[in-house]
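Visitor: Predicted model and sequence below, questions to follow.
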Amino acid sequence: MRESTIMKIHYGTALAAVALVAVHILMRLTQGFADSLEYESVIANYKFVPYAIMLELILILLSVHGFNGLRVILLELKQGQIYEKAVSYGCLAAMIGLIAYGSRTIIMTNMGMV
Amino acid sequence: MAQVSSIANEQTSTPVSSSKSVMLRISRYNPEHDDSSKFMEFNVPYEKWTTVLEAILEVKKHFDHSVAVRYSCRQATCGSCGMMINGKPRLACFTKISELDSDVVTVEPMNNFPIIRDLAVKFERLFDTHQKIKPYLIRDDTELETDEREFLQSPKELEQYIQFANCIKCGLCNSACPTMATDSSFVGPQALAQAYRYVADSRDKGKDSRLKIIDESHGIWRCHFAGSCSQVCPKGVDPAMGIQFLRGYLLGFRS
């Protein structure tokens, strides 16, 4: 993939994440932070499908943006063909792993398996 | 032989009897013999118009002829005498001692360049990246027929790139760039500014190939817009602005 395409995704995910995280924070403000962190409240959020979808989107956006940012930082720290391939594929694998693990949590909770 | 003699007798404009003097600290380092650099200090007389280069040449003439420094035109045109002067990349021939407003002037080789000896650095990386971005007009019809006219440009078209054509390849922008310090593969502000110079030229048809060259993992996207390249340019080129314009092409904001 060309670097400009990757950076378009990088900027796009940042903007989308800012918007969705703002919605997420506003939703938390509707009932106060202490109440929103209650176990039942958290489970209820996951079971509310539109909200669960938004959490999933935030997870994907932040994972893509964050791990690409980490890749960029690591590429600037050190250079070398093997190192750069390891960094790129390592960050991609970590990103997929985090999204898979987070999605599993959201899906399992949404389906009442927790 | 006569020519060698005249070079040896070359005079600097600084009279030795000047009333003012400055402490000139010169970084000395020979990679073949030394483990680290050390500073040598010289008390050099100067006048209001004396440049740092003239002070260094004064040292070479009267105190230590072995100080290694690269210079040529003495008028900020050749781009040979770039060095760190009191911690900032500057042209030695374009920096007056009186303007530094300091009793001590410290000169070191430019950052982000391998040292040959003392103040002289290797320019291979700069020239390689400059060459990489194809610094020439690309067209299919470069061979003109006898009855054809030259490629005309309006003043507005010229304004798009003319300041970037002032680059003298002195390397000060690359020396000031923080990304150049950590990323040994980064193409650098000098080459990126030159890429924009040709991309913005209405006579050039090589925009796509140039954008492709800089659109890689150590290309234009590694610029963090510190802006130090534009601050240090002695010719008024603004590489940081050129880089942002190039990003505009790659992001689809410019065509």
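Guide: Perfect, I can see it now.

Visitor: any idea which helix or strand of chain A has the worst average confidence?
Guide: Every helix and strand of chain A was ranked by mean pLDDT, DSSP states H and E. The lowest is helix A:33-36, at a mean of 81.

Visitor: May I have the predicted confidence score for A:Met7?
Guide: Predicted confidence (pLDDT) at A:Met7: the value is 96.

Visitor: Hmm, B:Trp221 and it touching each other?
Guide: Yes. Between A:Met7 and B:Trp221 there is a contact at 5.1 Å, judged by Cβ atoms under 8 Å. Every residue, glycine included, has its C-beta placed from N, CA and C.

Visitor: Name the SS class of the nearest residue to B:Val67 once chain neighbours are set aside, please.
Guide: Excluding its sequence neighbours, the residue lying closest to B:Val67 (Cβ to Cβ, 6 or more residues apart in numbering or on different chains) is B:Lys60, at 5.2 Å. In three-state terms, and counting by DSSP: H, G, I helix; E, B strand; the rest coil, B:Lys60 is helix.

Visitor: A:Cys91 is in what secondary structure piece?
Guide: Here A:Cys91 sits within helix A:81-110, counting by DSSP states H and E.

Visitor: Is that helix positioned near chain B?
Guide: Yes. Taking Cβ under 8 Å from any Cβ of the partner chain as the criterion, helix A:81-110 and chain B are in contact, through A:Glu84.

Visitor: what distance separates that helix from the centre of its chain?
Guide: 10 Å (Cα atoms, centre = their mean, to the nearest Å).

Visitor: next one: stretch A:102-111
Guide: 14 Å.

Visitor: Other residues contacting that stretch?
Guide: For stretch A:102-111, contacts defined as Cβ atoms under 8 Å, 6 or more residues apart in numbering or on different chains pick out A:Ile43, A:Tyr46, A:Lys47, A:Val49, A:Ala52, A:Leu55, A:Glu56, A:Leu59, A:Ser63, A:Val114.

Visitor: mind running it again at 10 Å?
Guide: Residues outside stretch A:102-111 that contact it (Cβ atoms under 10 Å, 6 or more residues apart in numbering or on different chains): A:42-43, A:45-49, A:51-53, A:55-56, A:58-60, A:62-63, A:113-114.

Visitor: Please flag which of these sit within helices.
Guide: When DSSP state H is applied, the contacts of stretch A:102-111 are split such that A:42-43, A:45-47, A:49, A:51-53, A:55-56, A:58-60, A:62-63 fall in helices.

Visitor: May I see the ChimeraX selection of the buried members of those residues?
Guide: Only the buried members of the ones in helices among the contacts of stretch A:102-111 end up in this ChimeraX selection, burial being decided by 16 or more other Cβ atoms under 10 Å in any protein chain shown:
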select /A:45,46,51,52,55,56,58,59,60,62,63
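
Visitor: for the most centrally placed residue in chain B, helix, strand, or coil?
Guide: Chain B has B:Cys170 as the residue nearest its centroid, 1.8 Å off, counting by Cα atoms, centre = their mean. Reduced to three states with three-state DSSP, the structure at B:Cys170 is coil.

Visitor: do B:Arg139 as well
Guide: Following three-state DSSP, we place B:Arg139 in the coil state.

Visitor: got it, and the one 10 residues further on?
Guide: Under three-state DSSP, the three-state class of B:Arg149 is coil.

Visitor: burial of it, as a residue count?
Guide: The number of residues packed near B:Arg149 is 6, by other Cβ atoms under 10 Å in any protein chain shown.
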